[in-house]
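Colleague: The following block contains a protein sequence and its predicted model.
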Amino acid sequence: PDTLPGPGTGAYQLLDSLGTPGGPKALLVFGSNPAVSAPNAAHVSRRLAALDLLVVADFVPSETAVLADVVLPVTQWAEEEGTLTNLEGRVVRRRPVLAPPPGVRTDLDVLHDLAVRLGQPPERFPTAPRTVFEELRRASAGGRADYAGISWERLDAGEELYWPCPAADGDAPHPGTPRMFLDRFAHPDGRARFAPVEDRDSAEVPDAERPLLATTGRVLAHYQSGAQTRRVPELMAVAPEVFVEVHPDTAGRFGLADGALARVVSAHGAVVARVRLVESLRTDTVFVPFHFPGEGRANLMTGPALDPVSGMPEFKLAAVRVEPWSESS
């Protein structure tokens, strides 16, 4: 434990520093697509291009993989053994259904081989999923996300186990915690803490040049950056391209026609999208989903502003103007 590094920089600060003096010169990306999903996406793409070496481990050719110097094909969920912790905190056993193609390695294999080449003893970075899970149980014991009481035997027996699940204190194993904070909060006295906050403007507010607010979000047919779902014909048939939802009155003010192309312009970049008129939308707001690549990347509009406490980027708000656009523009 004494050799573990302390807290590092936040995700956006890390991306912002790539290829700069004092910043990382190489980056290994596992199954992420920051060229589409990161805020201020055009800037982040420039920073990725500034690296001496970009390596992407993935099983689909994402937009970030296309930028990489080296792409490592790795196994996907139906080819892997191990566990998955879902957003509820439930730990689910995973078993392979398919054998991976020749030459494909697991994430653990990649990390093991890299560690050995960097001088680590081979046994320090095991490749057996169960061995790694046992280390997670030991490392998390006593922490807020305690896995110590979750064993493969219990999962294989069909138990629904949620962290925190401490090691047994007596004869009966801990049942896990399906619902957090029913009895106490994670403070020594078990009581919650309330923190007063003051309402403040977002980093960007509308003005004469950019009089509207754009918010980004999801559609049912696609997931995250769309790197996987945009390769499924049935899902693409439902949502084939990026669009911008606009109230009809707003469309009339700015000369936008339903089904026509428009350009949504912020201080950071512009998105070209198909107009959809939506009467339930606010007249001062437009909506753009963030699952699409190229000129349809919604995060071309979003900026570098971060929440001062969590470091979360301000994905959901950008001051914009919306103007008609044509293929010949």
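Modeller: Okay, I see it.
Colleague: drop to CA atoms for contacts and neighbour counts, all remaining ones
Modeller: Will do.
Colleague: Contact partners for Leu277?
Modeller: Contacts for Leu277 (CA atoms under 8 Å, 6 or more residues apart in numbering) come out as Glu245, Val246, His247, Pro248, Ala251, Asp258.
Colleague: how about Pro73, what does it touch?
Modeller: Contacts of Pro73 (CA under 8 Å, 6+ apart): Ala57, Asp58, Phe59, Gly103, Val104, Arg105.
Colleague: Hmm, which of those residues is lowest in pLDDT?
Modeller: In terms of pLDDT, the lowest of the contacts of Pro73 is Gly103, showing 90.
Colleague: any idea how far Arg90 is from it?
Modeller: Noted for Gly103: a distance of 32 Å to Arg90, by CA to CA, to the nearest Å.
Colleague: And the pLDDT at His187?
Modeller: So, for His187, pLDDT stands at 88.
Colleague: thinking again about what came up before, out of the contacts of Leu277, which are inside strands?
Modeller: Glu245, Val246 (DSSP state E).
Colleague: with the contacts of Leu277 in mind, which one is nearest to Ala139?
Modeller: Checking these against Ala139 by CA to CA gives Glu245 as the nearest, at 47.0 Å.
Colleague: do you know how far that closest one is from Pro211?
Modeller: For Glu245 relative to Pro211 (CA to CA), the value is 16 Å.
Colleague: Same check on Ala203?
Modeller: Going from Ala203 to Pro211 by CA to CA gives 15 Å.
Colleague: I'd like the contacts of Leu277 as TSV, with neighbour count, pLDDT and distance to Arg137 appended.
Modeller: Listed next are the contacts of Leu277 as TSV, based on neighbours: other CA atoms under 10 Å; pLDDT from 0 to 100; distance: CA to CA, whole Å:
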residue	neighbour count	pLDDT	distance to Arg137
Glu245	22	98	47
Val246	28	98	50
His247	20	98	52
Pro248	19	97	55
Ala251	21	97	56
Asp258	16	96	55
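Colleague: coming back round to it: who's more crowded, Gly103 and Arg90?
Modeller: The neighbour comparison of Gly103 against Arg90 (other CA atoms under 10 Å) goes to Arg90, with 18 against 8.
Colleague: For the more buried one, name its beta-bridge partners.
Modeller: Using DSSP bridges, the bridge partners assigned to Arg90 are Tyr162.
Colleague: before we move on, what about Leu72?
Modeller: Ala57.
Colleague: Could you double-check that Asp307 sits in contact with Pro313?
Modeller: Yes: the criterion here is CA atoms under 8 Å, and Asp307 meets it with Pro313 at 6.3 Å.
Colleague: Comparing the two, which residue is more hemmed in?
Modeller: Pro313 (20 against 11).
Colleague: ok, that one to Leu27 distance?
Modeller: Distance, Pro313 to Leu27, by CA to CA: 21 Å.
Colleague: and what of Arg90?
Modeller: Using CA to CA, one gets 31 Å for the distance from Arg90 to Leu27.
Colleague: Kindly report which residue of this protein is located farthest from the centre.
Modeller: Distance from the C-alpha centroid of the chain peaks at Asp171, with 40.5 Å (CA atoms, centre = their mean).
Colleague: Checking my notes, it in a strand, right?
Modeller: No: Asp171: not assigned to a strand; according to DSSP: H, G, I helix; E, B strand; the rest coil it is coil.
Colleague: From Ala195, how far out is the closest residue to His112 other than its chain neighbours?
Modeller: In space, and not counting its chain neighbours, His112 is closest to Phe125: 5.2 Å by CA to CA, 6 or more residues apart in numbering. Going from Phe125 to Ala195 by CA to CA gives 41 Å.
Colleague: again with Ala65
Modeller: Applying CA to CA, the value for Ala65 to Ala195 is 42 Å.
Colleague: Equivalent analysis for Leu14, please.
Modeller: 28 Å.
Colleague: neighbour count winner among the two?
Modeller: A count of neighbours by other CA under 10 Å puts Leu14 above the other of Leu14 and Ala195, at 12 against 5.
Colleague: Can you give me every residue that contacts that one?
Modeller: Applying CA under 8 Å, 6+ apart, the residues near Leu14 are Gly23.
Colleague: Quick check on it: phi, psi?
Modeller: phi -60, psi -50 (degrees, to the nearest 10).
Colleague: The chain should start at 301 in everything you say after this.
Modeller: Happy to do that; since the first residue is 301 now, the last one works out to Leu314.
Colleague: tell me the pLDDT at it?
Modeller: Reported pLDDT for Leu314: 95.
Colleague: Distance to Gly476 added to the contacts of Leu577, as TSV?
Modeller: TSV is the format used below for the contacts of Leu577 (distance: CA to CA, whole Å):
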residue	distance to Gly476
Glu545	43
Val546	46
His547	47
Pro548	51
Ala551	52
Asp558	52
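Colleague: which among the contacts of Leu577 gets closest to Pro589?
Modeller: Closest to Pro589 out of the contacts of Leu577 is Glu545 (9.3 Å), distances taken as CA to CA.
Colleague: So the closest one is in contact with Val575, correct?
Modeller: Yes: if you go by CA under 8 Å, Glu545 and Val575 touch, sitting 6.1 Å apart.
Colleague: secondary structure element for Arg576?
Modeller: Assignment of secondary structure by DSSP states H and E places Arg576 within strand 570-577.
Colleague: Perfect, I'm done here.
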